[in-house]
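Novice: here is a sequence together with a model predicted from it:
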Amino acid sequence: MKIEELIEKYFNGETTLEEENFLKHYFSTGDYEKKFEIYRSYFLFLQSEKAIVSNDSVPSQILQKPLKRNRNFFKLEYKWYALAASLLIILVTVYYYFSERKQDTTIVITNENFYENEEVGTELTKEAFNKIAKYMGYAQASIDEIKTLNETIELLQKYKLINNQLHHKEI
Amino acid sequence: MKKLNIIIFVFVFASIQLFSQPFSIENVFDKYSGKKDFTSVNLTDPASMFMAENALKMSVEGVKGLKILKFDHKKGTNAKDGKEFLNDLQKMNKLEGYKEFLSVVEDGKNVKIMFKPVGNDISEFITAVANEADESVLIWINGSLNMNDLMNFGKTVIQQEKGSKSGKDNKKEKKDSE
């Protein structure tokens, strides 16, 4: 194949690696046709770039683990974090919901739902009647005390009257 | 401008007066029943409900309606309504048409007993126990009640309480002497 055709093939992107290497080598030797002078600097540049070797050592871990795998690994990690956070939120919500329900003792008992809450309803009514009875009992006891006090005063007054009468007689 | 201000003021004042609920026993029950930490009982013909409890059935014989409202202050989860309820209980003697029978302050409890008389009998009976440290209770009974029966019933309950207390004390003394 002629050099001219090979160069055209190269710029059409149809050359093989071997053909590309051949072109680089061809221009680096100095034994080339002068009509291809304009391509020489380009192929020399490619040849010189090929020769550059990095002195920086690449960590072996990076070489061992492809980047693609790393990205997947992080994606997977985020998924687990999201799942754990969601579970935590659900657990906390459920806990507070039930603890709130436990604390909230709002009960409304009517004739319609009495037998569903019979124990609470009966207990509360008993408590209520005991309270009424207790304070009514106090009232009755106070009235009894007043009655006794009145009777005592009456007795004292009678005694005072008799005593006065006796005293007058003596005089 | 002044006239307009007066009209607005009169209108607002009249609206407040019109929509504000008067202080009545029904309104107190309606206000707190179903609110957080309130336990309420609202029964018509309660004697028919307490079939299994003979003593209680006897106590409510002749009672047409029974309403109980209880609030537990110790929980402290609805302090705002608890405080309002406490204030309302202490205002019970301002209820129209009711006579105050008893007003006692005992161990931090403010107790008020009110009744609505019809002839020699009582048609409505209210007991309000306001106790900020423990629980506040409002009891409303409607029906034909006899004051003497209630008093005698009360006396027996107190005697029973005293009896059980002295029994407990005797047991304690016996244990201590042993």
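Specialist: Received it, and whenever you're ready, just let me know what you need.

Novice: next, B:Lys36: phi, psi?
Specialist: Recorded main-chain torsions at B:Lys36 are phi -60, psi 130, according to degrees, to the nearest 10.

Novice: okay, now residue 77: neighbour count?
Specialist: Unless you meant another one, I'm taking chain A. 10 (other CB atoms under 10 Å in any protein chain shown). Where you see a C-beta, it was placed from the backbone N, CA and C, and this is true even at glycine.

Novice: look at chain B instead
Specialist: 14.

Novice: so how far is chain A from it?
Specialist: 6 Å (CB to the nearest CB, to the nearest Å).

Novice: can I assume that residue is in contact with B:Asp37?
Specialist: Yes. The pair B:Thr77 and B:Asp37 qualifies as a contact (CB atoms under 8 Å) at a distance of 5.8 Å.

Novice: let me know the pLDDT of residue 99.
Specialist: By default, I'm working from chain A. The score at A:Ser99 is 68. That number is its pLDDT.

Novice: switch to chain B, please.
Specialist: 88.

Novice: ok, the nearest residue to it once chain neighbours are set aside - contacts?
Specialist: Nearest non-adjacent residue to B:Lys99, counting by CB to CB, 6 or more residues apart in numbering or on different chains: B:Phe115, 5.9 Å away. With contact set as CB atoms under 8 Å, 6 or more residues apart in numbering or on different chains, B:Phe115 has these partners: B:98-99, B:101, B:122, B:124-126, B:147.

Novice: same thing but at 7 Å, please
Specialist: By CB atoms under 7 Å, 6 or more residues apart in numbering or on different chains, the contact set of B:Phe115 is B:98-99, B:101, B:122, B:124-125.

Novice: which SSE is it in?
Specialist: For B:Phe115, the host element (DSSP states H and E) is strand B:109-118.

Novice: which bits of chain B sit near chain A?
Specialist: B:33-44, B:46, B:49-50, B:53, B:56, B:59, B:66, B:68, B:70, B:75, B:77, B:101-102, B:104, B:111, B:113, B:127, B:129, B:137, B:139, B:150-151, B:153-155, B:157-158 (CB under 7 Å from any CB of the partner chain).

Novice: so of the residues you listed, which ones are in strands?
Specialist: B:38-44, B:66, B:68, B:70, B:101-102, B:104, B:111, B:113, B:127, B:129, B:137, B:139 (DSSP state E).

Novice: which positions in the one helix or strand B:Asp30 maps to come out as buried?
Specialist: Element membership of B:Asp30 [criterion: DSSP H and E] is helix B:25-32. By neighbour count on 16 or more other CB atoms under 10 Å in any protein chain shown, the buried set for helix B:25-32 is B:25, B:28-29, B:31-32.

Novice: near chain B, which residues of chain A are found?
Specialist: So chain A meets chain B at A:103-111, A:114, A:120-122, A:124-126, A:128-140 (CB under 7 Å from any CB).

Novice: out of the residues you listed, which sit inside strands?
Specialist: The strands, defined by DSSP E, take in A:107-110 from the residues of chain A next to chain B.

Novice: let me have those in CSV, extended by neighbour count and pLDDT.
Specialist: What follows is those, written out as CSV (neighbours: other CB atoms under 10 Å in any protein chain shown; pLDDT from 0 to 100):
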residue, neighbour count, pLDDT
A:Ile107, 18, 83
A:Val108, 14, 86
A:Ile109, 24, 87
A:Thr110, 14, 86
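
Novice: most widely separated two among these?
Specialist: The distance between the two most remote of these (CB to CB) is 10.6 Å, for A:Ile107 and A:Thr110.

Novice: for the residue nearest to B:Lys99, give the beta-bridge partners.
Specialist: B:Lys99, B:Phe125 (DSSP bridges).

Novice: quick check, pLDDT for it.
Specialist: For B:Phe115, the pLDDT comes out at 87.

Novice: what's the answer for the one 4 residues further on, then?
Specialist: The confidence metric pLDDT takes the value 76 at B:Gly119.

Novice: any regions of chain A where pLDDT drops low?
Specialist: A:1, A:51-76, A:99-105, A:159, A:168-171 (pLDDT under 70).

Novice: where exactly do the helices run in it?
Specialist: A:3-11, A:17-29, A:37-51, A:60-64, A:67-103, A:118-170 (DSSP state H).
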